[in-house]
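1. prediction below, plus the sequence it came from.
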Amino acid sequence: MFKFFTILILALFLFSCSEDKKFLDEVISENLEFFEDGKGIAEKVNLPQDYIALKDNKKILDTNFVNSTEIGLYLNILTLIDKGIISSPKISSGFAKKRILETLEKVEKMETWNGLFFWPYNFVDGEIIAKGDRIAPAVDNGNFSISLATLVGAYQNSDNEIDKKIVSKTEKILDNQKEGYFQIYDGERKLLSAGWDVLNDRRLGYWIDRKMNESRLATIWAILLTDGKIPIDVFINMGLTTETYRLSNGRNIEYYLTWDGGIFQAFYPALFIDEKHLIKNYYKFENFVYAQKDYIDKNWIPSFISASSTPDNGYTGMGVMELAEVVLNFKDAGPYIDFGTPHATALTYMVNPKIALYYLKKIKKDFPKINSNGYGWYDAISYKKGNNSRILSLDQGMFILSFYADYNRKYLKDYLERKGKWDKLKEIYSHFKEEGE
């Protein structure tokens, strides 16, 4: 009898795993459709649209601009398709490899400031034109640099001629960024500034000064790219705060505070770096997820929360006010958020796959119109207002790559090891702590 029940439990477990995989494959396939030409990928320039808008599941708006973060995530997705890790009925491996090379050729021709890319680039008559205000932001350049380094790591050991071209072109783009990173380093404050204002020929008047923010990638990359000439102090000097959250069951948990209380500020870098094994008190990251989970459950919110479009097709940079440094420490209350975004839920997969799958299944059940039937999932969901009608490139990229982080982490680690920079990365992360930790 014991043997029978053991076999039965094992069979049920395997069935459950099989069903979860089937569900996840379906969800990924639905959202991957955004990256097909003519959908989320702009015709003529073949780059992602920042976002698209639909009505009755038919596209009614192309935004015709893109930022470098979105280009980087697109390249990372194409890499996984080329290598057969992601399967798409419309994007073949051969097509993906060719598109990677074509995209890099476009990137080479895009106007930059000392190698740093502007935000954003407009699509005009098949051309890619930097927008007039000429801001080169550190955050998007850091994201893009990490995506590019990951791209090199994926192909650096290949003897294929196209792969060699991919590596050569990408490394040249990365090398050209050095001077830009030097220029945005503020030696007096020993922090990286938020970027460069080209029209006024000066650094932006604020700094990357928080560790628990996606922009930490810019600081990390500036140190790595310049071989420490931009000193590790720029990371050490970034602030970090532990807060306590009381769960509904009465238990208190400690978590690291993000600026706006959103998921992606905490977990975007984990798409490329295995931070769990580099950060001493990583449980405070995990607890941030558990705090948000508790918050959305008790406030009848269908999904995890992060910067996203809104149910009314606007945009908000806020997450959960009760978990936001800007609110708790600076009393600058943003709008109350009573809606979620699927990509934030996908990002939690890197912390707890079981939780992520539970909420993704719940989203699909509670919001049968979440899938646009050809373009991906809509970006915002609310029990009061349903789903919105916008789909964002950045959020779609994070959504897809959340389930393949192990691959991109390996590619980036391979790149850094070949460049002799892996130990430096570990040294940087040894300082991911607040005073007294």
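-> Ah, there it is.

2. can you show me the strands along the stretch 51-200 of the chain?
-> Read by DSSP state E, counting those that start in this stretch, the stretch 51-200 of the chain holds these strands, from start to end of the chain: 51-55, 58-62, 65-66, 112-113, 116-117, 119-124, 127-137, 185-186, 191-193, 195-197.

3. using JSON lines, please lay out those together with mean neighbour count, distance to Leu24 and mean pLDDT.
-> C-betas here are computed from N, CA, C, even on glycine. Below are these laid out as JSON lines (neighbours: other C-beta atoms under 10 Å; distance: least, C-beta to C-beta, whole Å; pLDDT from 0 to 100):
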{"stretch": "strand 51-55", "mean neighbour count": "18", "distance to Leu24": "24", "mean pLDDT": "98"}
{"stretch": "strand 58-62", "mean neighbour count": "14", "distance to Leu24": "26", "mean pLDDT": "98"}
{"stretch": "strand 65-66", "mean neighbour count": "22", "distance to Leu24": "28", "mean pLDDT": "98"}
{"stretch": "strand 112-113", "mean neighbour count": "20", "distance to Leu24": "38", "mean pLDDT": "98"}
{"stretch": "strand 116-117", "mean neighbour count": "27", "distance to Leu24": "33", "mean pLDDT": "99"}
{"stretch": "strand 119-124", "mean neighbour count": "20", "distance to Leu24": "32", "mean pLDDT": "98"}
{"stretch": "strand 127-137", "mean neighbour count": "17", "distance to Leu24": "33", "mean pLDDT": "94"}
{"stretch": "strand 185-186", "mean neighbour count": "18", "distance to Leu24": "42", "mean pLDDT": "98"}
{"stretch": "strand 191-193", "mean neighbour count": "24", "distance to Leu24": "37", "mean pLDDT": "99"}
{"stretch": "strand 195-197", "mean neighbour count": "22", "distance to Leu24": "37", "mean pLDDT": "99"}
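
4. is it possible to export those strands to TSV including distance to Leu278?
-> As requested, the strands of the stretch 51-200 of the chain are arranged in TSV below (distance: least, C-beta to C-beta, whole Å):
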stretch	distance to Leu278
strand 51-55	33
strand 58-62	40
strand 65-66	31
strand 112-113	30
strand 116-117	26
strand 119-124	28
strand 127-137	25
strand 185-186	23
strand 191-193	20
strand 195-197	26
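
5. right, and those strands - which one's nearest Thr241?
-> strand 191-193 (16.7 Å; C-beta to C-beta).

6. neighbouring strands of the closest one in the sheet, and parallel or not?
-> strand 185-186 (antiparallel), strand 207-208 (antiparallel) (DSSP bridges).

7. give me the distance between whichever helix or strand comes after the last one and the centre of its chain.
-> Downstream of strand 207-208, the next assigned helix or strand under DSSP states H and E is helix 216-225. Using C-alpha atoms, centre = their mean, to the nearest Å, the distance from the centre of helix 216-225 to the centre of the chain it belongs to is 16 Å.

8. how far off strand 127-137 does helix 216-225 point, in degrees?
-> Put simply, helix 216-225 runs at 90 degrees to strand 127-137, going by axes from the mean of the first three to the mean of the last three C-alpha atoms, to 10 degrees.

9. now whatever helix or strand comes next after helix 216-225: average pLDDT?
-> Using DSSP H and E, the next helix or strand after helix 216-225 towards the C-terminus is helix 233-236. Regarding helix 233-236, the rounded mean pLDDT is 98.

10. contacts for helix 233-236 next, please.
-> 185, 190-192, 208, 211, 216, 219-220, 222-223, 428, 431 (C-beta atoms under 8 Å, 6 or more residues apart in numbering).

11. ditto for stretch 32-51
-> Residues outside stretch 32-51 that contact it (C-beta under 8 Å, 6+ apart): 52, 59, 62-67, 70-71, 73-74, 77, 86, 88, 90-91, 99, 102-103, 106, 120, 123, 126-128, 309, 374-376, 379, 390-394, 396-397, 400.

12. ok, now stretch 241-251?
-> 212, 252-257, 284, 287, 290-291, 294, 297-298, 322-323, 325, 328-329, 434, 437.

13. of those residues, buried ones?
-> Buried members of these, scored by 16 or more other C-beta atoms under 10 Å, are 212, 253, 255-257, 284, 287, 290-291, 294, 323, 325.

14. just put those in CSV and tack on distance to Trp196, pLDDT and secondary structure.
-> Conversion of these to CSV gives the following (distance: C-beta to C-beta, whole Å; pLDDT from 0 to 100; DSSP: H, G, I helix; E, B strand; the rest coil):
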residue, distance to Trp196, pLDDT, secondary structure
Met212, 24, 97, coil
Ile253, 40, 99, strand
Tyr255, 33, 98, strand
Tyr256, 29, 97, strand
Leu257, 28, 96, coil
Lys284, 33, 98, helix
Asn287, 36, 99, helix
Tyr290, 39, 99, helix
Ala291, 36, 98, helix
Asp294, 41, 98, helix
Leu323, 31, 93, helix
Glu325, 25, 92, helix
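
15. Pro368 in helix, strand or coil?
-> Secondary structure, DSSP: H, G, I helix; E, B strand; the rest coil: Pro368 is coil.

16. what is the neighbour count of it?
-> 8 (other C-beta atoms under 10 Å).

17. what does Thr310 give?
-> 18.

18. same check, this time on His343
-> Using other C-beta under 10 Å, His343 has 27 other residues around it.

19. who's in contact with it?
-> Contacts here follow C-beta under 8 Å, 6+ apart; on that basis His343 touches 264, 306, 308, 379, 395-396, 398-399, 402.

20. could you rerun that using 7 Å?
-> 306, 395, 398-399 (C-beta atoms under 7 Å, 6 or more residues apart in numbering).

21. and if you look at Asp260?
-> Taking C-beta under 7 Å, 6+ apart, one finds 307, 317-319, 324, 326 in contact with Asp260.

22. the residues you listed in helices, which ones?
-> Among the contacts of Asp260, DSSP state H puts Val326 in helices.

23. out of the contacts of Asp260, who's the most crowded?
-> Counting neighbours by other C-beta under 10 Å, the top entry in the contacts of Asp260 is Gly319, with 30 neighbours.

24. do you know how far it is from Glu171?
-> 36 Å (C-beta to C-beta, to the nearest Å).

25. where does pLDDT dip in this structure?
-> Along the chain, segments meeting pLDDT under 70 span 1-16.

26. recalculate using a threshold of 90.
-> Across the chain, the ranges flagged by pLDDT under 90 are 1-18, 131-133, 317-318, 326-337, 435-437.

27. got the buried residues for stretch 201-219?
-> By neighbour count with 16+ other C-beta under 10 Å, stretch 201-219 contains the buried residues 203-204, 207-219.
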